[in-house]
Every structure is written in structure tokens, then in C-alpha cells.
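Student: Sequence unavailable; structure follows:
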């Protein structure tokens, strides 16, 4: 089994951080180039009203100051109350409602899925009203991880894909199914992985049209290629 960094209380995280800074200041001048960089812990407070599981996907919705420290407020995806907040991935400990946790540093994460089998290269995104992820956008699957059931490794990725709209097309201001193409040595070939994509304007996208899909606000947005 792989080993994860354990959960710190806010006070412990602050102490570890200060001790790390003190240690680096005491290091010799000749060893400066060899010193490891100690990142600031990504501390958050759970405002979802539910327990965040280990490796759960969370969304930042604000900040809170407690004991002179600022913490990111997080909830379950999706929160549409204002500007779409970015997403984080919880560490290896569950976090009950109104408690504090520490998120993983990217760009590679261990993340909890909804149990769907996901091949390497499949694009991944948060599920609605859930801490789990499935097919979508924001991450790319790197493969399974044996640390816990339904946990995979992903890397942050927001690059577009070329795809083909399904037989029903995509209605205006609505969503439909697209199938991503796969690259070959000369061009792109037909693929098999499907995603849900949106046509965000009053112009529908025709059946079997070639489209580019872009990750915007954690949704695929389709633009027909003319």
C-alpha cells in the first residue's frame, strides 16, 4: 500500500510550516541549491454540510479567518451561487462538516471515482452533488491506484479535444453526446470515449458534425468546426 501524508489540525500545520522555515534558514549557504522546497499546506474548512471522503473532489466557495489564519471554504460540486470557484482534491483523511482538512498539491492527484472503469487518457471531472468524479473535464486519468477502492491517479488537464457530435446533434442552449477522436500519425481517427458537451448559444450543432470541445466552468463546451 502507498503511504500518504497524514492530516494536520490547523495548529499542527502552522507549527510544521514554521519549523520548516526555521530549518531552511539554518541551512548552510553552500547547500542552498540542494534544499527542498516546503510548500504551504492547502488548508480548508468543510462547509458542505456532509463528510468529505478521502480523496474527494471539492469546490472552493470562499475563505474564512480562524485564529488569525485564513482557510478556504469548500463545498460539494457544483456551487453556482456566483463565479464558478476552482476545484481541489482532499487528502487521505475524511473531513466532517465544519472541520478542517488539507488538500493535495497537484498537478498529479489521487482522486475518488464513482466506480466507473476509466481508461488511461480519459478526461475526468466532478459529478454533480457528489465528492466523486467521472467522465468529464478538468483532469486526465493516469491509471488505477491500489491505495483505496475506486481511487485513481489523475493529472490536472484543461486542453480541448476534437470530437464528433452524436446522431441527435446538440440542441441550442442544451447538451448532447459527443465522441472524442483519437490522434494518429497522420490525422485523427474515430474514437470510442463519449462525453456530454454543451452548445451555449441559440445555434444548434448538427448531427455528426465535427466539433472542438473546450473545458469551461467544469463543463465541455462544443464549437462546430466549419
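Tutor: Looks like it came in fine. Quick caveat: nothing in here was measured; it's all calculated off a predicted structure. Residues are numbered from 1 along each chain as shown.

Student: Counting by contacts, list what the lowest-mean-pLDDT helix or strand in the chain packs against.
Tutor: Using mean pLDDT, DSSP states H and E, the weakest-scoring helix or strand in the chain turns out to be helix 10-26, at a mean of 74. The helices and strands touching helix 10-26, judged by 3 or more C-beta pairs under 8 Å, 6 or more residues apart in numbering; DSSP states H and E, are strand 69-75. To be clear about C-beta, it is placed using only N, CA and C from the backbone, and glycine gets the same treatment.

Student: Neighbouring strands - and their directions - for the strand it packs on?
Tutor: strand 42-46 (parallel), strand 57-66 (antiparallel) (DSSP bridges).

Student: in it, what counts as buried?
Tutor: 71-75 (16 or more other C-beta atoms under 10 Å).

Student: is it possible to export the residues you listed to JSON lines including distance to residue 62?
Tutor: JSON lines is the format used below for these (distance: C-beta to C-beta, whole Å):
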{"residue": "71", "distance to residue 62": "10"}
{"residue": "72", "distance to residue 62": "8"}
{"residue": "73", "distance to residue 62": "4"}
{"residue": "74", "distance to residue 62": "9"}
{"residue": "75", "distance to residue 62": "9"}
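
Student: Residue 58: which of the residues you listed is nearest?
Tutor: Checking these against residue 58 with C-beta to C-beta, the nearest one is residue 74 at 4.1 Å.
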